[in-house]
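**Q** what's the 3D shape of this:
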Amino acid sequence: MLNLGVATKAALLLCAANTLFLLWYGLETLSSLSLSSLSLSAISRGRECRGWKPDAAQANDPPRCLRARQFREMQAFHLSGGGKHLDTPAQKALLAAERCALGVTACPERPIILIDFYFWHMASRGLIGAGEAVWGWPIIDAVRAAGFVPIFINGRDERGFMSTWDIARALPSSIHMYWTDANAAVRCLLDPRCVRPIDYVPHTNASLRFPDAGDGEVGVLPAWRVFGISYWGARPNTWKGTPHPCRDWGQCGDAEWPFHALGNRPTKDTVKEFGRIAAAIAPTKLVATTRDFETDKYPLPPELTQLGPQEPDAYVRLVGGARALLGISLPVISPTPYEALCRGVPVVLPYAEEAVPNPDGWSMYGMAFQHGPLQALGEPHVYSYAARDADDLLAKLQRALRTPIGPFIPDDMTTAAVHARVRQVLLHDWEGEYTRIVHEDGMPAYPDEIVDKCFYGTHLAPCSSKYPVA
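**A** I've put the predicted structure just below:
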């Protein structure tokens, strides 16, 4: 899992040639006059594309010129009306990819990253709210900084990622990677309408197979270009021998996170404890912004102020003005503690009784810690207290209040570090790794549970309701 930092969201700059390219959409051929303003030396750079003229007939294209294939696919896509359903940002991204094919913009060999992960679609449209979207900002920045062109589709339901697959089939020569929800990535690998035939392995259980690909629906994506996005620190091979393999990125089954600082649900005793803690740290106020308190059933003590959810700007200002940030178990991973640290606010977080403070290795990604990777930093930036031990909570909170810190960003969470890790993912030889694994172990096999629990079952609603089978 990438440990991601929150970075300033950057806008994709579009060159002034947009108007010219928009005029091309309705033309079957390009006039030599239209191309006179382009650098033909840039277009034909490279031995394979030497002599290529985009305004000439397609039959004259050099057979090994990838840029020519990319440009012709884009022309056909536009002329077929394939992009009409896309929103304006996605259409502009297609224009940017077209400029790559023509050599107007320096780009990687295959410039497009298809992304239909719902939260990153939110992030790309400035729809702030969920922590998952905030985490996406620096990733999107890093993708663009590496020269790639991300195209975002709303993959909230099956119609969304089917639309993504349509784009992949239309523009196969331009697709570098397909990033999607982790469960949808499994769906792609099991669906002949997504992954290319050579990598498609029909499920051994015929009742769990997805529909055959019809005319024009055959998948084109190599398996090694398909990536599932998850925030939960998935370990390699955790799908093997586990009761809920498709959910092993995070919590398994229907159980909630197994511990809470003061109990899984607010009780009268919980409220009393918060009142005692608030009184002990007075005149510092204890403020909450969560919806979890059942204030009608258990009125809050006067020492505890419940502000409720905040708008993003107001929330950041509130965090930055605090003396300490107290976590009480949920969410497991969110940007808030990093927002606090970079504004000089220490963080106090719980761990389960069976665990130990300051986790290391894979244990920091388990469910026994709230923000495990952050707890590994230790004091004076992050204080760990034993869950359900209100006395320990109070002691660590008071210690944090007595020990001011300056603004702090962990080394691996700086913008430069995050961009470097994203580049590693973008530029790694995934094809070579996939080829080696297939050569050594054969084609992958998928347990029944992956399909049954993720796409057909009803007891794992995050899977089944999110991706209904067509």
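
**Q** ranges for the helices of the stretch 101-250 of the chain?
**A** Residue ranges of the helices in the stretch 101-250 of the chain, as given by DSSP state H, counting those that start in this stretch, are 118-124, 131-145, 158-170, 182-189.

**Q** who does the first one touch, helix- and strand-wise?
**A** Pointing back at helix 118-124 there. Applying 3 or more Cβ pairs under 8 Å, 6 or more residues apart in numbering; DSSP states H and E, we find helix 118-124 packed against helix 131-145, strand 149-152. Using the backbone N, CA and C atoms, a C-beta is placed for each residue, glycine as well.

**Q** right, and those - which one's nearest Ala390?
**A** Minimum separation from Ala390 across those (Cβ to Cβ) falls at helix 131-145, 26.5 Å.

**Q** What mean pLDDT does the closest one get?
**A** Mean pLDDT, helix 131-145: 90.

**Q** residues of that helix that come out buried?
**A** 131-144 (16 or more other Cβ atoms under 10 Å).

**Q** for those residues, which one is nearest Asp360?
**A** Once Cβ to Cβ is applied, the member of the buried residues of helix 131-145 that ends up nearest Asp360 is Trp135, at 22.6 Å.

**Q** follow-up on the earlier one: export the helices of the stretch 101-250 of the chain as CSV, with columns for distance to Val104.
**A** Shown next, in CSV, are these (distance: least, Cβ to Cβ, whole Å):
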stretch, distance to Val104
helix 118-124, 23
helix 131-145, 16
helix 158-170, 21
helix 182-189, 32
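
**Q** Could you name the stretch from these that's closest to Leu394?
**A** Using Cβ to Cβ, the nearest of the helices of the stretch 101-250 of the chain to Leu394 is helix 131-145, at 27.0 Å.

**Q** which helices and strands does the closest one pack with?
**A** helix 118-124, strand 149-152, helix 415-427.

**Q** ok, now how distant is Ala133 from Leu349?
**A** 22 Å (Cβ to Cβ, to the nearest Å).

**Q** Then Arg110?
**A** 42 Å.

**Q** the more surrounded of these two?
**A** Higher neighbour count among Arg110 and Leu349: Leu349, with 24 against 20, using other Cβ atoms under 10 Å.

**Q** Just confirm Val345 contacts Gly320, I think it does.
**A** Yes - counting by Cβ atoms under 8 Å, Gly320 is a contact partner of Val345 at 6.8 Å.

**Q** So for the two, which sits in the more crowded spot?
**A** Val345 (22 against 14).

**Q** Checking my notes, that one in a helix, right?
**A** No - secondary structure of Val345 (DSSP: H, G, I helix; E, B strand; the rest coil): coil, not part of a helix.

**Q** dump the residue contacts of it.
**A** 319-320, 322-325, 405 (Cβ atoms under 8 Å, 6 or more residues apart in numbering).

**Q** cutoff 6 Å now
**A** 322, 325 (Cβ atoms under 6 Å, 6 or more residues apart in numbering).

**Q** Show me the domain layout of the chain.
**A** Listed by automatic domain parsing, the domain ranges of the chain are 18-229, 268-332+343-408.

**Q** okay, those in a markdown table with distance to Val425 next?
**A** Formatted as a markdown table, those follow (distance: least, Cβ to Cβ, whole Å):
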| stretch | distance to Val425 |
| --- | --- |
| domain 18-229 | 8 |
| domain 268-332+343-408 | 18 |
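
**Q** Tell me where the stretch 1-150 of the chain has strands.
**A** Applying DSSP state E, counting those that start in this stretch to the stretch 1-150 of the chain gives strands spanning 112-115, 149-152.

**Q** who wins for proximity to Asp392 among these?
**A** Asp392 lies closest to strand 112-115 among the strands of the stretch 1-150 of the chain, at 42.3 Å (Cβ to Cβ).

**Q** Pairing partners for that closest one, with directions?
**A** With DSSP bridges as the test, strand 112-115 is paired with strand 149-152 (parallel), strand 175-181 (parallel).

**Q** rewinding a little: between the domains of the chain, which one is closest to Glu440.
**A** With Cβ to Cβ as the measure, domain 18-229 is the member of those nearest Glu440 (14.8 Å).

**Q** Leu304: which of the helices and strands packed on helix 131-145 is closest?
**A** Between the helices and strands packed on helix 131-145, helix 118-124 lies closest to Leu304; by Cβ to Cβ that is 31.0 Å.

**Q** Dump the C-alpha coordinates for the closest one into PDB.
**A** Extracted in PDB, the C-alpha atoms of helix 118-124 (Å, rounded to 0.1, in the frame of the first residue of the first chain):
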ATOM      1  CA  TYR A 118     -15.300   6.400  -7.600                       C
ATOM      2  CA  PHE A 119     -13.500   8.400  -4.900                       C
ATOM      3  CA  TRP A 120     -10.700   9.500  -7.300                       C
ATOM      4  CA  HIS A 121     -13.400  10.600  -9.800                       C
ATOM      5  CA  MET A 122     -14.700  12.700  -6.900                       C
ATOM      6  CA  ALA A 123     -11.200  14.100  -6.300                       C
ATOM      7  CA  SER A 124     -10.600  14.900  -9.900                       C
END
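
**Q** Any chance you could list what contacts it?
**A** Under Cβ under 6 Å, 6+ apart, the answer for helix 118-124 is 130, 132-133, 136-137, 140, 152, 154-156.

**Q** buried ones in that helix?
**A** 118-124.

**Q** follow-up on the earlier one: tell me which of the strands paired with strand 112-115 sits most buried.
**A** strand 149-152 (a mean of 25; mean count of other Cβ atoms under 10 Å).

**Q** ok, residues contacting that one?
**A** Under Cβ under 6 Å, 6+ apart, the answer for strand 149-152 is 90, 93, 96-97, 111-115, 121, 124, 143.

**Q** and it, C-alpha only, in PDB?
**A** Only the C-alpha atoms of strand 149-152 are listed here, as PDB (Å, rounded to 0.1, in the frame of the first residue of the first chain):
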ATOM      1  CA  VAL A 149      -3.000  11.700 -18.900                       C
ATOM      2  CA  PRO A 150      -5.600  10.400 -16.400                       C
ATOM      3  CA  ILE A 151      -9.200  10.000 -17.800                       C
ATOM      4  CA  PHE A 152     -11.800   9.700 -15.000                       C
END
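
**Q** I'd like the average pLDDT over that strand.
**A** Strand 149-152 shows a mean pLDDT of 96.

**Q** wait, which of the helices of the stretch 101-250 of the chain is closest to Asp412?
**A** When the helices of the stretch 101-250 of the chain are compared (using Cβ to Cβ), the closest one is helix 131-145, at 12.2 Å.

**Q** Now that closest one - C-alpha only, PDB.
**A** This file holds the C-alpha atoms of helix 131-145, laid out as PDB (Å, rounded to 0.1, in the frame of the first residue of the first chain):
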ATOM      1  CA  GLY A 131     -11.200  11.000   3.000                       C
ATOM      2  CA  GLU A 132     -10.800   8.600   0.100                       C
ATOM      3  CA  ALA A 133     -11.100  11.600  -2.200                       C
ATOM      4  CA  VAL A 134      -8.600  13.600  -0.300                       C
ATOM      5  CA  TRP A 135      -6.100  10.800  -0.500                       C
ATOM      6  CA  GLY A 136      -6.500  10.800  -4.300                       C
ATOM      7  CA  TRP A 137      -5.300  14.400  -4.800                       C
ATOM      8  CA  PRO A 138      -1.600  13.700  -4.600                       C
ATOM      9  CA  ILE A 139      -1.900  10.600  -6.700                       C
ATOM     10  CA  ILE A 140      -3.600  12.500  -9.500                       C
ATOM     11  CA  ASP A 141      -0.900  15.200  -9.200                       C
ATOM     12  CA  ALA A 142       1.800  12.600  -9.400                       C
ATOM     13  CA  VAL A 143       0.300  10.900 -12.400                       C
ATOM     14  CA  ARG A 144       0.200  14.200 -14.300                       C
ATOM     15  CA  ALA A 145       3.700  15.100 -13.100                       C
END
